[in-house]
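[1] using only what follows, build the 3D model:
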Amino acid sequence: MIRDQLADALRRALATLEVEPVPAMIGIERPARREHGDWSSNVALVSAKGAGMNPRELAGRLAEILTATPPPHVESVEVAGPGFVNFRLADSWLHDVLGEVVDQGVEGYGRLDVGAGTRINVEFVSANPTGPLHAGHGRGAAYGDSLARLLERCGYDVARECYLNDRGTQMGAYAASLAARKTGSALPENGYAGDYIVEWAAEMPDDADPLEWGEARAIEDHRQVLEAMGVRFDLWFSERSLVESGAMDATLADLRTRGAAFDQDGAVWLRSTDFGDDKDRVLVRSDGEPTYLLPDIAYHRDKLARGFDRLIDVWGADHHGYVPRMKAALQALGHPDVLSVPIVQLVNLMKGGQPVRLSKRTGDIVELRDVLDEVGPDAARLTFLLQSIDSPQTFDLDLVSSQAMDNPVYYVQMAYARIRSIKRKAAEVGVERLALDQVDVAQLVHGRELDVLRALSTLADVLGAACADRAPHRVTTWVRELAGAVHGFYHDCYVLGDGVSPELTQARMWLVEAAEIGLAIGLGLLGVGAPESM
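    Residues are numbered from 1 along each chain as shown. From the prediction side, this is the model:
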């Protein structure tokens, strides 16, 4: 890999200058601006003290050595700024990238091992099983599942989990609403009035327990909608099971043993101010009823008992204030810095330039099912992943469902379909691709060809950054950039036909193969289909 080759060359140059100590890790990064070269290192700034020189002087000496005996692919070495060593490379380094892509394929290219040996639990969606999922859940579902895919690509052992808030007053009101609609009696105060309650109550057997049946019906509805998006959980975890198992009592006892729980005014409190929260929190009210916090702490304690090293909870914007108390609770249990909580901001649906009206079935939300029916699962997922979840999102149903190049979903999938069309055309006219070692890929010198390879070369860096920042939208950005390079190549560089030599056709056929692999990897990480045609 070019980064390793450049780092080794710098290491040898430092040894030639008898610089001690040589850094264990030599940073090789891409300059922010292409005119500064293809790669850059800050090693002179890091090693200047050991060399007894100022950074720019050391950078100059390193550049002299590397210019005299250049590493593979290096055309020139320059000194920039306070002491950066910048490399300009021949196109041949990108031809090596092509070989890496096709050799490692969809399963291997860009795969990292940064998470090897680390188990991560990703909890997301976690909606109350009292009705259909809404559009906002779709954003959290797309994010959580794609984050899990990204973490797996980076070597982590990942479990996907949905927490069912199936205990408390909301579940009681939901069950009572089903029972009322079943018998035709009046809805209870604070009952659920959506048309879906009427539909589900009609399905409910006369002898069924409204609570048990209603929970199962809601979970099945959630499961169907999520599976339509390609989202599947390893575990649906019931809050009610925490009560039945005694986990809440055990958690409270653990907190008391650690001095993190205390009694005051007839209630039991978490001493959360000792762990960074702005005030202490009630765990058990004076009437003996646990607050939402205690079962949540018990749930996270259970996750850690199951052997997870890291916990990621994907929560909605309305839970932002809940994060400090949960982190404080885990710290009180002896697990600091184990939890991260990405917060998913709101989704505003638009159609015809106007906000989408509320669902007739639910009365107060826009159902995720309706969004999927309108635009399709692929379009929904990629759209939800276009930008960071930190900012509110406007989801334009008209744009997302359109077959136009300004629709990001169509734009990316069309790039893949064009790649497939080239391969079909080659098969139709009887062009067979030779083995790569029989093809002169050095013929790939057109700017459009190099743009494709340059985009492919960045995949590992993109995945590493996206994984570290818990940011799948970075993968979306990368896929769109690769798709743009593919579209440019498709328009300007014919693979087959008059005027294209057989040798160039062969080289471009391998470039097409590499582009297909890259797009398949990116779309797979986003959970979006790769269509054969559009």
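[2] how much space separates residue 374 from residue 217?
    24 Å (Cβ to Cβ, to the nearest Å). Bear in mind the C-beta positions are built from the backbone N, C-alpha and C, glycine included.
[3] so between the two, which is more surrounded?
    Set side by side, residue 374 and residue 217 show more neighbours around residue 217, with 21 against 16, by other Cβ atoms under 10 Å.
[4] the residue of the chain most remote from its centre in helix, strand or coil?
    Taking Cα atoms, centre = their mean, the residue of the chain most remote from its mean C-alpha position is residue 185, at 46.6 Å. What DSSP: H, G, I helix; E, B strand; the rest coil gives for residue 185 is coil.
[5] show me what contacts it?
    residue 179 (Cβ atoms under 8 Å, 6 or more residues apart in numbering).
[6] excluding its backbone neighbours, what's nearest residue 265?
    Closest residue in space to residue 265, ignoring its immediate chain neighbours: residue 286 at 6.6 Å, by Cβ to Cβ, 6 or more residues apart in numbering.
[7] burial count for the one you found?
    Burial of residue 286 is recorded as 11 neighbouring residues (other Cβ under 10 Å).
[8] now do the same contact list for the closest residue in space to residue 56 that isn't next to it in sequence.
    Leaving out its chain neighbours, the residue that sits closest to residue 56 by Cβ to Cβ, 6+ apart is residue 83, at 4.5 Å. Neighbouring residues of residue 83 by Cβ under 8 Å, 6+ apart: 42, 44, 45, 48, 54, 55, 56, 58, 59.
[9] and those, which two are furthest apart?
    The most widely separated members of the contacts of residue 83 are 42 and 54, with 14.0 Å between them, by Cβ to Cβ.
[10] so for the two, which residue has more residues nearby?
    Set side by side, residue 42 and residue 54 show more neighbours around residue 42, with 19 against 15, by other Cβ under 10 Å.
[11] give me the pLDDT for the more buried one.
    For residue 42, the pLDDT comes out at 95.
[12] may I ask you to confirm that residue 106 is in contact with residue 517?
    Yes: using Cβ atoms under 8 Å as the test, residue 106 is close enough to residue 517 to be in contact (5.4 Å).
[13] between the two, which one's more packed in?
    Neighbours were tallied for residue 106 and for residue 517 using other Cβ under 10 Å; the higher tally belongs to residue 517 (22 against 16).
[14] which positions in the helix or strand containing that one come out as buried?
    According to DSSP states H and E, residue 517 maps onto helix 502-526. Of the residues in helix 502-526, 504-526 count as buried by neighbour count, 16 or more other Cβ atoms under 10 Å.
[15] roughly how far is it from the heart of the chain?
    For helix 502-526, the separation from the chain centroid amounts to 23 Å (computed by Cα atoms, centre = their mean, to the nearest Å).
[16] try stretch 51-67
    Chain-centre distance of stretch 51-67: 41 Å, with Cα atoms, centre = their mean.
[17] can you list the domains in this structure?
    Domain ranges of the chain: 2-90, 124-240+345-397, 408-526, per automatic domain parsing.
[18] save those as TSV, and put in distance to residue 250 too.
    Rendered in TSV, the data for the domains of the chain read as follows (distance: least, Cβ to Cβ, whole Å):
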stretch	distance to residue 250
domain 2-90	44
domain 124-240+345-397	15
domain 408-526	31
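[19] for residue 100, which of those is the nearest?
    Closest approach to residue 100 among these (Cβ to Cβ): domain 408-526, 8.6 Å.
[20] what's the mean pLDDT across the closest one?
    Mean pLDDT, domain 408-526: 97.
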